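Novice: Sequence and predicted model, in that order:
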Amino acid sequence: MRIESTTNQRVKAVRRLHRGRERHRTGRTLLEGPKLVETALDAGVVPVEVYTDAGGELVRRCEAAGAQVIETDRKVLESIATTVEPQDPVAVLEVPEQPGLDSERLVVLVDISDPGNLGTLIRSGAALGWQVALLRGADPWSPKVLRSGAGAHFIAPPVPISNFDEIVDAGYLTVALVVSGGKPPFDIPEGRAVALVVGSESHGLPEHIVSSCDIALSLPMVGAVESMNAAVAGAIAMFAMG
């Protein structure tokens, strides 16, 4: 199949996936560029549709796995992508089924609304061996978060939770990451499943969550800097806690 018109109904349907409401309604999202598409395939996640103006081995691999390949021109590809200069290909993906909590090292992200920070934390969790749980915040399967995650969603899929009690009831040692006044990372007791809890960029963790945690943790800082970026602080804390 080949499409060369940006007014094509199929193209319009793909473009609607730029909106969170449409992604939620359809259970679909967009993957942009070879890195994300290849990582998804490696994890056994096959796109529904693949739009390409260049073809190539990756596109042929998608087609062999069962994806429908739609050839197009650059104008159409740019219209369906969410980036100014999109990489080929752009794929439509059914959001995979979300896993349950199954790790002894869990990082709980609360109200992380910046897509870049959220994707970076998902990527850092996957790299450091921490499962990621999400309480509210940005859509983890939005194209921006997927790009920031650099394929980590398919290596260690994030787990949505509806309230913090799910973590408490699961028996984790809960550790709230706060700006100041907490213990340093190397003072956190070992021997129990642990949940590191990281709050939003602007407001940190809600007080009721901090008070319900077993321990508060703070990263030592020098100088007059008030706080760290949420993604940086979360990654350092995960690394320091091992």
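Specialist: The structure has been received and is ready for your questions. Residues are numbered from 1 along each chain as shown.
Novice: Domains in the protein, by residue range?
Specialist: 2-94, 105-241 (automatic domain parsing).
Novice: these two touch, right, residue 109 and residue 133?
Specialist: Yes - using CB atoms under 8 Å, residue 109 is in contact with residue 133, at 7.0 Å. C-beta here means a position set from N, CA and C on the backbone, and glycine is covered the same way.
Novice: Which residue of these two possesses the greater neighbour count?
Specialist: Set residue 109 next to residue 133 and count neighbours by other CB atoms under 10 Å: residue 109 wins out with 28 against 24.
Novice: Mean pLDDT added to the domains of the chain, as a markdown table?
Specialist: Listed next are these as a markdown table, based on pLDDT from 0 to 100:
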| stretch | mean pLDDT |
| --- | --- |
| domain 2-94 | 96 |
| domain 105-241 | 93 |
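Novice: how near is the nearest residue to residue 241 once chain neighbours are set aside to residue 218?
Specialist: Nearest non-adjacent residue to residue 241, counting by CB to CB, 6 or more residues apart in numbering: residue 185, 5.2 Å away. Counting by CB to CB, to the nearest Å, the separation of residue 185 from residue 218 is 9 Å.
Novice: how about the strands in the protein?
Specialist: 2-3, 28-32, 49-52, 68-72, 90-94, 105-110, 131-135, 159-160, 173-177, 194-198, 215-217 (DSSP state E).
Novice: most neighbours per residue, which of those strands?
Specialist: strand 194-198 (a mean of 26; mean count of other CB atoms under 10 Å).
Novice: neighbouring strands for it, and are they parallel or not?
Specialist: The pairing partners recorded for strand 194-198 under DSSP bridges are strand 105-110 (parallel), strand 173-177 (parallel).
Novice: out of these, which comes closest to residue 166?
Specialist: Smallest distance to residue 166 across the strands paired with strand 194-198 (CB to CB): 9.3 Å, for strand 105-110.
Novice: distance of the closest residue to residue 31 other than its chain neighbours from residue 63?
Specialist: Nearest residue to residue 31, sequence neighbours excluded (CB to CB, 6+ apart): residue 91, at 4.4 Å. The spacing between residue 91 and residue 63, counted by CB to CB, is 11 Å.
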